[in-house]
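>>> sequence and predicted structure are below.
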Amino acid sequence: MAVRPQLCEACSIKDLTFCSSLHGAEHDHLRQILTHVQFDGHNTIFHEAEDADYVFNITSGSVKLYKLLGDGRRQITGFLFAGDFLGLALNTNYRYTAEAVEPVTACRFPRQKLEKLFDNFPQLEKRMLGMAVDELAAAQDQMLLLGRKTAKEKVASFLLMLARRQEHRGEDSDMISVPMSRSDIADYLGLTIETVSRTLTQLRKEATISLKDNRHIEAVGREMLEDLAEGL
């Protein structure tokens, strides 16, 4: 759903977005092609295999990316947050489904019109390439999570990932915001919901974390959490 546009200069996360490489009047070229959109929690932003006509820069909220396996199971491949770019595709179709975890706002750009701007603003293309590299690095990290780590190491690594993303956004990271469900976490880590819940309880009993509520976890033993993530 489209919402009233705002000035790029007024964006609260402008330093994190891909358009941060532009300055002053250069933003006018982007404003001419962007639309501000919002999605309620659990709403689909786009489906896997749909035409990749748009790309999005998330300005608030969180998004989960997933693929459906042949047997109907769901594999969550990543979570994106404010400042992240969504919808990068090597061909003409999206490679995954994107769904809002909670209410999301984003800047939406028609892909073809954005690519035409790259001729005049090569720094935009460079910035987008950097985001694509970050996305690849995140996918490699998840492969390590799924293939080599124990359940406890996986959950510790996941919580640290959320904490570091908060730090990246300039937010306090001692109280970790966990907007996704236990089911989402399980589908991301390749675990069952029961294993995720049991592992969180174990970490709480060991005074590594404090469970404030279903959506907030305090990292009371940050060093212990980091050691667990590293398999120490």
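Arrived safely. Numbers count the residues shown, from 1 in each chain.
>>> all contacts plus neighbour counts: C-alpha atoms, from now on.
Noted.
>>> first to last residue in stretch 17-33, what's the distance?
By Cα to Cα, to the nearest Å, the extent of stretch 17-33 from end to end equals 16 Å.
>>> quick one: it to chain centroid distance?
Between the centre of stretch 17-33 and the centre of its chain there are 22 Å (Cα atoms, centre = their mean, to the nearest Å).
>>> and what of stretch 27-36?
The answer for stretch 27-36 is 23 Å, by Cα atoms, centre = their mean.
>>> buried stuff in it?
27, 30-31, 34-36 (16 or more other Cα atoms under 10 Å).
>>> nearest to residue 61, of those?
Using Cα to Cα, residue 36 comes nearest to residue 61 of the buried residues of stretch 27-36, at 13.8 Å.
>>> and the closest one, bridged to which residues?
residue 3, residue 107 (DSSP bridges).
>>> would you mind confirming that it makes contact with residue 105?
Yes - Residue 36 lies in contact with residue 105 (Cα atoms under 8 Å); the separation is 7.2 Å.
>>> does residue 123 sit in a helix, a strand or a coil?
helix (DSSP: H, G, I helix; E, B strand; the rest coil).
>>> what does the pLDDT read for the residue sitting nearest the centre point of the chain?
In the chain, the residue lying closest to the centroid (Cα atoms, centre = their mean) is residue 80, at 0.9 Å. For residue 80, the model assigns a pLDDT of 94.
>>> what does residue 37 give?
You'll see residue 37 listed with a pLDDT of 94.
>>> against residue 45, how distant is it?
10 Å.
>>> which helix or strand contains residue 63?
strand 62-68 (DSSP states H and E).
>>> hey, where'd the helices end up in the chain?
27-31, 111-117, 122-148, 151-168, 182-189, 193-205, 222-229 (DSSP state H).
>>> out of those helices, which gets nearest to residue 13?
The nearest among the helices of the chain, by Cα to Cα, is helix 151-168 at 10.6 Å.
>>> list the buried residues in the closest one.
Quick answer for helix 151-168 (16+ other Cα under 10 Å): 151-160, 162-166.
>>> where does pLDDT dip in this structure?
1-10, 18, 21, 145, 232 (pLDDT under 70).
>>> one more time with 90, if that's ok
1-34, 68-74, 83-85, 87-92, 112, 114-149, 168-174, 212-214, 221-222, 229-232 (pLDDT under 90).
>>> looking at the buried residues of helix 151-168, which one is closest to residue 224?
residue 156 (9.2 Å).
>>> now that closest one: closest residue in space, sequence neighbours ignored.
Closest residue to residue 156 apart from its sequence neighbours, by Cα to Cα, 6 or more residues apart in numbering: residue 229 at 5.2 Å.
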